[in-house]
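Participant: A structural model of the following input is requested.
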Amino acid sequence: MNNVLQSFLKKMSKSLSGKVCLVTGATRGIGKGIALQLGQAGGTVYITGRTLTTDKGDPIGGSLTDTANELNSDVEELFDRISKEQDGRLDVLVNNAFNTAQGLKENMGQPFWEQPITMWDAVNNVGLR
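Facilitator: Numbers count the residues shown, from 1 in each chain. As a prediction, this is how the structure comes out:
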């Protein structure tokens, strides 16, 4: 490895030292890769991801409203935790969570502008709300 590249990698390896990061959708794929790289760059990284079980290992049940309320509560708790642990700081937010909803399959091949708005909401509200 040449000296310029070594110098660059050394500088980048701790460029996020002291920074507080949150990556949504970090249990696999791109989100996992982003979270790992932020950590390797020196950041304190909090992650979220999709799960089908509660902390006790029980399946999440009930209506969609019940599940949404439970998830909203989890999001609020996470931000409260970050606020307490990091004195209110959050330097980097990566809204990577995404839902490849059934609507994508049902509307495959249709131009975007002809797809129902509900499809857009189902796919994007996961990470953008």
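Participant: how much space between the spatially closest residue to L90 that is not a sequence neighbour and G109?
Facilitator: Excluding its sequence neighbours, the residue lying closest to L90 (CB to CB, 6 or more residues apart in numbering) is V20, at 5.3 Å. Quick note: C-beta positions are derived from backbone N, CA and C, even for glycine. Here the criterion is CB to CB, to the nearest Å. By it, V20 lies 42 Å from G109.
Participant: before we move on, what about L93?
Facilitator: 34 Å.
Participant: same drill for the two, tell me which one is more crowded.
Facilitator: L93 (12 against 4; other CB atoms under 10 Å).
Participant: torsion angles phi and psi at that one?
Facilitator: Backbone torsions of L93, given as degrees, to the nearest 10, read phi -120, psi 120.
Participant: okay, now the unreliable bits of this protein?
Facilitator: For the chain, the stretches with pLDDT under 70 are 1-2, 5-6, 8-14, 51-72, 98-104, 124-129.
Participant: care to break it down by domain?
Facilitator: Using automatic domain parsing, the domain ranges for the chain come out as 12-97, 99-129.
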